[in-house]
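Participant: Below is the sequence, then the predicted model.
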Amino acid sequence: MAPIIQVEGIQKQFDARPVLHDVSFTVNKGDIVGLLGPNGSGKTTIIRLLNGVIEATAGKILVNNWDPHSQGHEIRKISGILTDGAGLYHEMSGVDNLRFFGKLYGVNDETRIQQLLEDFQLADHQQKKVGTYSTGMKRRLGIIKAILHNPTILFLDEPTNGLDPEGIQMVLQNIHTLNKQYGTTIFLCSHILHLIESVCTQYLFLDHGTIIESGTKSELETKYIKEISVKIETNAVVNELNPLYKVVKQDGSYITFILQTKEQLPRLLEEILKKQFWIHHVEIQNRDLESLYFQIRGVKNEDR
Ligand SMILES: Nc1ncnc2c1ncn2[C@@H]1O[C@H](COP(=O)(O)OP(=O)(O)OP(=O)(O)O)[C@@H](O)[C@H]1O
Ligand SMILES: [Mg+2]
């Protein structure tokens with residue numbers, strides 16, 4: 001796949017204070033990339049740089065082969081952007097906001113606007129001034145605004161902030177659909193790791209102003225997860241099992257084992273069943289994005 005975002009050696013200072021000191025990464029067309037990092041690490045700054053809202057102190061950025069600083073308007077034509085304020089007009093109604101931004105993007109499609117208002121459950125609230133909207137309603141309207149013109153690239157800064165569980169599902173499903181149907185490239189930041197884990201195809205880990213790690217989840221797992229912690233609901237008697245399978249915790253019928261390789265898991269399960277014990281549930285505990293996040297940050301900070 002061809003790269004659609006190329007970032008090389010980016011530095012950014014605010015009032016002589018360095019925030020980003022050497023950021024390089026590439027995003028391929030059709031990827032859903034999660035940019036992860038602690039508060040203040042520079043995620044929003046990167047999104048603003050990519051859109052040409054602010055200018056880098058040094059380094060090179062290309063978005064769809066355009067330089068965000070001199071050709072930001074070209075980038076914004078093919079991008080959808082959701083940031084904190086969402087740039088909505090509070091004195092205007094929800095639907096008028098969408099009509100206004102639609103015109104700006106060259107989309108005069110009332111049917112599409114009404115469909116999106118339905119999809120995001122805002123149809124009944126479309127005539128209300130946005131200033132009277134709840135946090136979640138503003139967020140949903142901001143997302144509609146971002147996807148209204150069917151962008152090639154979508155930048156989402158904390159897209160699920162302030163949303164209720166239904167709202168979160170709506171947004172995640174939409175991200176999936178846009179990506180599958182239209183091949184939309186999506187670049188998002190979020191702290192809700194278990195949510196973005198279900199949509200992202202690639203991850204970038206930002207820390208202390210630089211990208212400390214990147215890759216797909218399975219690449220990162222191979223690199224960082226050395227042991228597998230597995231919790232099994234079973235009536236197995238630990239003493240009757242091969243001591244190779246180290247037990248680290250037993251809580252009623254839940255036993256947590258530490259395994260040295262993935263291949264040990266089917267062998268352990270087979271042994272339990274062969275000895276006529278039952279198994280009701282098996283859960284690998286340390287292979288989620290959150291475990292990887294702490295592992296990567298922990299390892300890299302030790303390196304410093
Ligand atoms: N316009 C600005 N002027 C001065 N400093 C700024 C400006 N914008 C951002 N910063 C500083 O840059 C750093 C990175 O901010 P940024 O908003 O990019 O972090 P973030 O990773 O998005 O954090 P969060 O997870 O809290 O959203 C912070 O120290 C912030 O104070
Ligand atoms: Mg931010």
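Facilitator: Received it, and whenever you're ready, just let me know what you need. Numbering: from 1, shown residues only. Ligands and ions are numbered 1, 2, ... in the order given.

Participant: In contact with residue 1, which residues?
Facilitator: The contact partners of residue 1, by CB atoms under 8 Å, 6 or more residues apart in numbering, come to 28, 29, 30, 31. Quick note: C-beta positions are derived from backbone N, CA and C, even for glycine.

Participant: ok, it to residue 202 distance?
Facilitator: According to CB to CB, to the nearest Å, residue 1 stands 11 Å off from residue 202.

Participant: Common neighbours of the two, please.
Facilitator: Shared contacts of residue 1 and residue 202 (CB under 8 Å, 6+ apart): residue 31.

Participant: interface residues of the protein facing ligand 1?
Facilitator: Applying CB under 6 Å from any ligand atom, one finds that the chain approaches ligand 1 through 14, 19, 37, 39, 40, 41, 42, 43, 44, 45.

Participant: Return the longest helix along the chain as PDB; C-alpha atoms alone will do.
Facilitator: Taking DSSP state H as the criterion, the chain has its longest helix at helix 165-182. Extracted C-alpha coordinates of helix 165-182, given in PDB (Å, rounded to 0.1, in the frame of the first residue of the first chain):
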ATOM      1  CA  PRO A 165     -21.900   3.300  25.400                       C
ATOM      2  CA  GLU A 166     -24.400   3.600  22.500                       C
ATOM      3  CA  GLY A 167     -22.500   6.600  21.200                       C
ATOM      4  CA  ILE A 168     -19.200   4.800  21.400                       C
ATOM      5  CA  GLN A 169     -20.600   1.800  19.500                       C
ATOM      6  CA  MET A 170     -22.000   4.200  16.800                       C
ATOM      7  CA  VAL A 171     -18.600   5.900  16.300                       C
ATOM      8  CA  LEU A 172     -16.600   2.700  16.300                       C
ATOM      9  CA  GLN A 173     -19.000   1.100  13.800                       C
ATOM     10  CA  ASN A 174     -18.800   4.100  11.600                       C
ATOM     11  CA  ILE A 175     -15.000   4.100  11.600                       C
ATOM     12  CA  HIS A 176     -15.200   0.400  10.600                       C
ATOM     13  CA  THR A 177     -17.700   1.000   7.800                       C
ATOM     14  CA  LEU A 178     -15.900   4.100   6.400                       C
ATOM     15  CA  ASN A 179     -12.700   2.100   6.300                       C
ATOM     16  CA  LYS A 180     -14.200  -1.000   4.700                       C
ATOM     17  CA  GLN A 181     -16.500   0.700   2.200                       C
ATOM     18  CA  TYR A 182     -14.400   3.600   1.100                       C
END
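
Participant: May I see the buried residues of it?
Facilitator: Neighbour-count burial for helix 165-182, counted by 16 or more other CB atoms under 10 Å, picks out 167, 168, 170, 171, 172, 174, 175, 178, 179.

Participant: From the contacts of residue 1, which land in strands?
Facilitator: residue 28 (DSSP state E).

Participant: of the contacts of residue 1, closest to residue 104?
Facilitator: If you rank the contacts of residue 1 by distance to residue 104 using CB to CB, residue 29 comes first, at 24.9 Å.

Participant: what's the burial count for the residue nearest to the closest one when sequence neighbours are not counted?
Facilitator: Of all residues beyond its chain neighbours, the one nearest residue 29 is residue 4 (4.6 Å), with distances taken as CB to CB, 6 or more residues apart in numbering. As a burial measure, residue 4 scores 20 neighbours (other CB atoms under 10 Å).

Participant: Relative to residue 189, how far out is residue 4?
Facilitator: To residue 189, residue 4 is 17 Å away according to CB to CB.

Participant: still on that earlier bit, by neighbours, which of the contacts of residue 1 wins?
Facilitator: That'd be residue 31 among these, by other CB under 10 Å, with 22 neighbours.

Participant: who are the neighbours in contact with that residue?
Facilitator: Listed by CB under 8 Å, 6+ apart, the contact set of residue 31 reads 1, 185, 186, 201, 202.

Participant: Run through the neighbouring helices and strands of the longest helix of the chain.
Facilitator: Contacts defined by 3 or more CB pairs under 8 Å, 6 or more residues apart in numbering; DSSP states H and E place helix 165-182 against helix 135-147, strand 153-157, strand 185-189.

Participant: Point out the residues in the chain that sit beside ligand 2.
Facilitator: Residues of the chain lying close to ligand 2 by CB under 5 Å from the ion are 43, 44.
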